[in-house]
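S.K.: Provided below are the primary sequence and the corresponding predicted coordinates.
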Amino acid sequence: MLSWQIFKHALGMIFNDLGTALRVSSPVIAVSLLGVLLFIVKGPAFVTGEQGVAGGVFLLAILNYIAALWVAVGWHRYCLLSEYPSKVFPEFNGSRILAYFGWALLLGLIFAGMALVLVGVVYVVGGIGTGSFSLLGGAVLTVGFIFIFWVAQRLSLILPASAVGNTISISESWRATQTVATAIIMVFLFFFAFSFVLGLLAGFVGAFSGFLGFVLQAVVNWMIAMVGLSILTTFYGICVEKRELA
C-alpha cells in the first residue's frame, strides 16, 4: 500500500539516520532544553502560563517558532539536497527561512478561512455553540477536518519547494499531488494514530510526574514534528522530483 510505504519511509528518514536528524533539529532541541531549565528554575507555572505568568510561554513560543522554521528548512534541504550540517546547528539560511515563513503564512490564512466556513456549516446543521450539538454536526466536523487536512497536504508542497529554492505555485502543488490524492488520506490516519499514541503516553507519565511529563512531551513534540516534515518531504520527492521510494 502506497500510503503505508510513504509513512514508513518518513519514519525511516529519521530513525535510520537519527544522529543527523538530531543535528538538523538541534535548534528545536535547544529551545526544548531551555524550557526544561525554566521549568526547573522558575517552576511549572513559568512555562505553562498558570497563575497569570505569561512571560515564559511567550518567550518559548517565539523561540520555538523561529527554531521550527530553521529546522524545517534545514531538514528539507538535508533530505532533498544532501546539505549536511557542518556545525552544531544547521546553516541559518535566512532567505529560504523567510520564504518558508511567507508561504506558511499564506497557507495558514487559507486554512483559517476554510475552518471558519466549516464552523459556520456545523453551526447551521449541527447546532455547535447552541448547547445542542448533534451527531450530524460531529460527523460534518470530522469529515470537514479531514478534508481541510487533505487540501493542506496537497497545497503544502510549496513549503519544501521554497526551502530548496525551487519555488512552485499553489496550483502546481495541487496538480503534482493528483497521483497521490487518495494515499494522502491514509497517511493522515497513520500519522494521527502515531501522534495520538505518543500523546497518550506523555499524558500518562505527566499524571504521575509533572517534570517527567513535560520532558516527555517535548520529546513527543519533536518526534511528531519531524515525522510530519518527513512526510511532507517524501510527498515532494515523489510528486515533484519523481523520486522512487527506497
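M.R.: Here it is on my side, so go on.
S.K.: which residues are in contact with the host helix or strand of Gly144?
M.R.: Per DSSP states H and E, Gly144 falls inside helix 135-155. Here helix 135-155 makes contact (CB atoms under 8 Å, 6 or more residues apart in numbering) with 107, 110-111, 114-115, 118, 121-122, 125-128, 170, 173-174, 177, 181, 184-185, 187-188, 232, 235. Heads up, the C-betas are built off the backbone N, CA and C, glycines and all.
S.K.: Please enumerate the helices of this structure.
M.R.: Taking DSSP state H as the test, the helices found in the chain are 2-15, 18-24, 26-42, 44-48, 55-81, 94-126, 135-155, 158-163, 170-176, 181-206, 210-239.
S.K.: Low-confidence regions, the protein specifically.
M.R.: Scanning the chain for pLDDT under 70 picks out the ranges 42-56, 126-134, 246.
S.K.: coming back round to it: keeping just the C-alphas, turn the helix holding Gly144 into PDB.
M.R.: Taking C-alpha atoms only, helix 135-155 is exported to PDB below (Å, rounded to 0.1, in the frame of the first residue of the first chain):
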ATOM      1  CA  LEU A 135     -24.400  13.700  15.900                       C
ATOM      2  CA  LEU A 136     -24.700  15.100  12.400                       C
ATOM      3  CA  GLY A 137     -22.700  18.100  13.500                       C
ATOM      4  CA  GLY A 138     -20.000  15.900  14.800                       C
ATOM      5  CA  ALA A 139     -19.900  13.900  11.500                       C
ATOM      6  CA  VAL A 140     -19.700  17.100   9.500                       C
ATOM      7  CA  LEU A 141     -17.000  18.500  11.700                       C
ATOM      8  CA  THR A 142     -14.900  15.300  11.400                       C
ATOM      9  CA  VAL A 143     -15.300  15.000   7.700                       C
ATOM     10  CA  GLY A 144     -14.600  18.700   7.300                       C
ATOM     11  CA  PHE A 145     -11.400  18.500   9.300                       C
ATOM     12  CA  ILE A 146     -10.100  15.500   7.300                       C
ATOM     13  CA  PHE A 147     -11.000  17.400   4.100                       C
ATOM     14  CA  ILE A 148      -9.000  20.500   5.300                       C
ATOM     15  CA  PHE A 149      -6.000  18.400   6.100                       C
ATOM     16  CA  TRP A 150      -6.300  16.700   2.700                       C
ATOM     17  CA  VAL A 151      -6.300  20.100   1.000                       C
ATOM     18  CA  ALA A 152      -3.500  21.300   3.200                       C
ATOM     19  CA  GLN A 153      -1.300  18.400   2.200                       C
ATOM     20  CA  ARG A 154      -2.000  18.900  -1.500                       C
ATOM     21  CA  LEU A 155      -1.100  22.500  -1.300                       C
END
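S.K.: what angle do it and helix 210-239 make?
M.R.: Angle, helix 135-155 to helix 210-239, by axes from the mean of the first three to the mean of the last three CA atoms, to 10 degrees: 60 degrees.
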